[in-house]
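1. Kindly return the folded structure for what I paste below:
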Amino acid sequence: QRRSGGNPAHLVDVIRFLRERELLRVRAGVVVAPAGGVCLLEDVVPRSATHVALARLDELGGVERRLLRAASVIGAVFSQGLLEHALAGQLDLQQISTALDVLRTRRLIAAEPGLQVLAFRDDVTRAVAYATIPAEERRAIHHRIADALEARPDGDPARDAATLALHRERAGEFAAAAAGYLRAAPLALAAQLDEDAAQLADRWLACQRALGDAATREPEAAARMALIQVVALGRRRLASETVARARAAIDAFDAHLTPADRLVIEFWLGSSLAWLGQPAAAQAHLARVVEDATHPPLRCEAAVRIAQTHDYARDRGAALTWLERARQLAGDDPQLLAEVELHRTNLEDAPEALVPSRATYRRIQTGASARGQLQLAARAANCAAHCDLHLRDFAAARAGFQQAIQLNRAAGNWLDVATNLSNLGQAWLWDDQPAAAVAPLEEALRHAQDAEDELAVAEVMVHLGAAIAMTSDPIEGAALCRDGGARAAATGLRE
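-> Got it, this is the predicted structure:
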């Protein structure tokens with residue numbers, strides 16, 4: 001346990017390491033130490049998972065080691081066919097087949113069930129195998145793999161663009177890699193793979209830097225990649241980074257951004273400023289989108305977000321005005337109309353409106369779920385649960401917030417998960433069970449702080465402070481409430 005650090009996977013590797021060397025034996029179901037006693041193992045047991053992997057690699061024959069290294073270049077999962085291309089001219093087919101059998105027997109690789117591919121049994125073995133390849137040989141393998149991927153008759157330019165670019169970059173072929181990343185980043189963004197899209201844009205920039213004076217000067221391409229980074233960060237609600245990237249993109253590429261692209265950046269800049277508690281600045285950017293954009297969905301969403309800033313400030317009249325503008329811009333789009341209806345229903349705060357509002361939210365949730373719109377379904381479930389909370393049906397409210405958490409986790413909306421967790425904690429508070437409220441509120445605070453959403457952080461701090469004050473530490477709880485209240489005042493959150 002001392003050597004494994006409590007890591008079960010490392011512990012299994014250590015035990016396997018000792019059994020392979022007959023330093024541990026099992027007799028009648030009992031583990032038997034070597035003749036010299038357990039103390040003998042102190043100098044034998046590898047000190048880390050990396051040392052275990054290195055020891056096992058050292059014991060392989062030359063053919064098996066070469067094959068495992070080549071496989072590590074391909075990835076955690078690899079096909080025998082691609083491996084054969086990577087080792088062309090170095091090993092024949094029979095050598096490869098025999099070596100794969102040895103590696104399977106040694107439990108270094110395994111077949112993926114139901115797929116015609118193989119996989120490393122653990123990430124450490126793959127990382128160690130890759131690190132032991134000399135740099136020149138590593139580049140050559142990456143080059144052969146990229147060539148093999150491009151030559152595949154079943155190749156898919158969209159599917160393979162990112163993988164090809166990565167292999168070209170690691171082969172030192174930066175111009176080809178940059179071209180690949182330029183194709184791959186927009187595809188990832190269109191597929192809602194926002195983190196991947198941002199990383200691909202970063203890799204494109206790294207390749208441009210590596211090319212130095214040899215880089216092709218394409219300001220339009222640079223502007224396009226800057227736009228992708230802003231959208232990808234904004235969708236993930238990384239507010240501070242979105243603001244910084246948006247302003248940098250406007251400063252550096254204003255002359256090379258189309259008017260439509262410039263307004264997309266304005267939209268995410270305004271949205272992020274709202275999350276950071278700067279409503280006036282947010283409204284200015286979002287209003288330009290409403291007035292100048294030609295894409296109705298973007299204009300509608302900007303109007304909704306302006307309405308939200310007024311709602312946070314408890315200015316119901318202004319919020320209603322902007323929601324009516326959003327409804328007109330929505331046209332006959334069912335998703336946009338549902339979004340506007342949800343926010344319009346949020347403004348109905350009279351006690352007699354709770355039951356009809358809950359029915360509206362549940363109808364919106366059902367429609368959104370049928371259309372596969374997880375985010376909208378989650379927001380509707382959260383709002384319906386709020387109605388249950390005010391109707392003092394605490395069990396139903398908690399069930400609704402849990403449903404919203406599950407939907408948002410499935411969609412990867414971590415800030416909305418924070419909101420749902422905060423609401424779940426409040427449901428426990430309302431039910432006079434503050435001890436049960438602490439855990440979801442602490443998790444909510446972590447997510448909100450990670451997302452840098454000042455509005456969410458302020459609200460969670462107030463409720464968490466109340467829970468702590470009622471359960472364990474009144475002084476700490478009161479301080480947290482005061483801090484949260486001050487943050488709320490600074491961000492324009494009046495509720």
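2. ok, A185 to D202 distance?
-> Plainly put, A185 is 9 Å away from D202 if you go by CB to CB, to the nearest Å. Every C-beta, even on glycine, is put in place using the N, C-alpha and C of the backbone.
3. who has more neighbours, the two?
-> Between A185 and D202, A185 has the larger neighbour count (other CB atoms under 10 Å), namely 29 against 14.
4. residues contacting that one?
-> A197, L200, A201, W204, M225, I228 (CB atoms under 8 Å, 6 or more residues apart in numbering).
5. wait, is it part of a strand?
-> No. Applying DSSP: H, G, I helix; E, B strand; the rest coil, one finds A185 to be helix, outside a strand.
6. other SSEs contacting whichever strand or helix holds R245?
-> Taking DSSP states H and E as the definition, one finds R245 inside helix 239-253. Judged by 3 or more CB pairs under 8 Å, 6 or more residues apart in numbering; DSSP states H and E, the packing partners of helix 239-253 are helix 219-235, helix 259-275.
7. Only the buried residues of the first one, if you could.
-> Looking back up the chat, that one is helix 219-235. Residues of helix 219-235 classed as buried: 221-235 (neighbour count, 16 or more other CB atoms under 10 Å).
8. Same check on the last one?
-> Judged by neighbour count (16+ other CB under 10 Å), helix 259-275 contains these buried residues: 261-275.
9. what helix or strand does the residue nearest the centre of the chain sit in?
-> Centroid-nearest residue in the chain, with CA atoms, centre = their mean: E195, separated by 5.8 Å. According to DSSP H and E, E195 maps onto helix 194-211.
10. pLDDT (mean, whole number) over that helix?
-> Averaged across helix 194-211, pLDDT comes to 92.
11. ok, and what's touching it?
-> With CB under 8 Å, 6+ apart, helix 194-211 has contacts from 162, 165-166, 169, 174-175, 177-178, 181-182, 184-186, 188-189, 215, 222, 225-226, 228-229, 231-233, 235-236.
12. redo that, cut-off 6 Å
-> 169, 174, 177-178, 181-182, 184-185, 188-189, 215, 225, 228-229, 232, 235-236 (CB atoms under 6 Å, 6 or more residues apart in numbering).
13. re earlier: name the pair among the contacts of A185 with the greatest separation in space.
-> The most widely separated members of the contacts of A185, counting by CB to CB, are A197 and W204 (10.8 Å).
14. how about the helices and strands packed on helix 239-253, which one is nearest V73?
-> helix 219-235 (26.5 Å).
15. how near is the closest residue in space to E64 that isn't next to it in sequence to A131?
-> For E64, ignoring the flanking residues on the chain, the nearest one in space by CB to CB, 6 or more residues apart in numbering is A99 at 4.7 Å. As defined by CB to CB, A99 lies at a distance of 20 Å from A131.
16. out of the two, which sits in the busier spot?
-> Legend: neighbour count by other CB under 10 Å for A99 and A131, higher for A99 (23 against 13).
17. isn't the more buried one right up against V63?
-> Yes. Shown here, A99 and V63 form a contact pair, counting by CB atoms under 6 Å, at 4.9 Å.
18. any idea how far the residue nearest to the centre of the chain lies from E136?
-> E195 sits 32 Å away from E136, taking CB to CB as the criterion.
19. same deal with R121?
-> Counting by CB to CB - R121 and E136 are separated by 28 Å.
20. higher neighbour count, those two?
-> R121 (16 against 8).
21. and the more buried one, what pLDDT?
-> R121 is given a pLDDT of 80.
22. so how far is L103 from it?
-> 9 Å.
23. do the same with C383
-> Note on C383: its distance to L103, by CB to CB, is 54 Å.
24. Any stretches of this protein with poor pLDDT?
-> Residue ranges of the chain with pLDDT under 70: 1-56, 215, 491-495.
25. Repeat the analysis, applying 50 as the threshold.
-> Judged by pLDDT under 50, the chain has its weakly predicted residues at 1-5, 10, 21, 36, 38-47.
26. Can you tell me which helices and strands the helix or strand hosting the residue nearest to E64 packs against?
-> Using DSSP H and E, A99 maps to helix 93-105. Contact partners of helix 93-105 among helices and strands, from 3 or more CB pairs under 6 Å, 6 or more residues apart in numbering; DSSP states H and E: helix 62-74.
27. Show me the contact partners of the helix it packs on.
-> Residues from elsewhere that reach helix 62-74 (CB under 6 Å, 6+ apart): 78, 82-83, 86-87, 95, 99, 102-103, 126, 129-130, 133, 141, 145.
28. cool, and stretch 474-494?
-> Stretch 474-494 has contacts (CB under 6 Å, 6+ apart) with 277, 279, 312-314, 454-455, 458, 461-462, 465, 468-469.
29. Neighbour-wise, give me the winner out of those.
-> M461 (26 neighbours).
30. which residues does that residue contact?
-> Residues near M461 by CB under 6 Å, 6+ apart: L480, D483, G484.
31. buried ones in stretch 316-326?
-> Buried, per 16+ other CB under 10 Å, within stretch 316-326: A319, L320, W322, L323, R325, A326.
32. and which of the residues you listed is nearest H447?
-> For the buried residues of stretch 316-326, the nearest to H447 is A319 (26.0 Å; CB to CB).
33. how about the strands in the stretch 51-200 of the chain?
-> Under the criterion DSSP state E, counting those that start in this stretch, strands of the stretch 51-200 of the chain are mapped to 77-78, 109-111, 118-120.
34. and the last one, how far out from the chain's middle?
-> It refers to strand 118-120. 24 Å (CA atoms, centre = their mean, to the nearest Å).
35. Any chance you could list what contacts that strand?
-> Contacts of strand 118-120 (CB under 6 Å, 6+ apart): A76, V77, F78, I109, A111, E112, R126.
36. between the helix holding A99 and helix 62-74, how many degrees?
-> Interaxial angle of helix 93-105 relative to helix 62-74 (axes from the mean of the first three to the mean of the last three CA atoms, to 10 degrees): 80 degrees.
37. Need the contact partners of helix 93-105.
-> For helix 93-105, contacts defined as CB under 6 Å, 6+ apart pick out V63, E64, L67, E84, I109.
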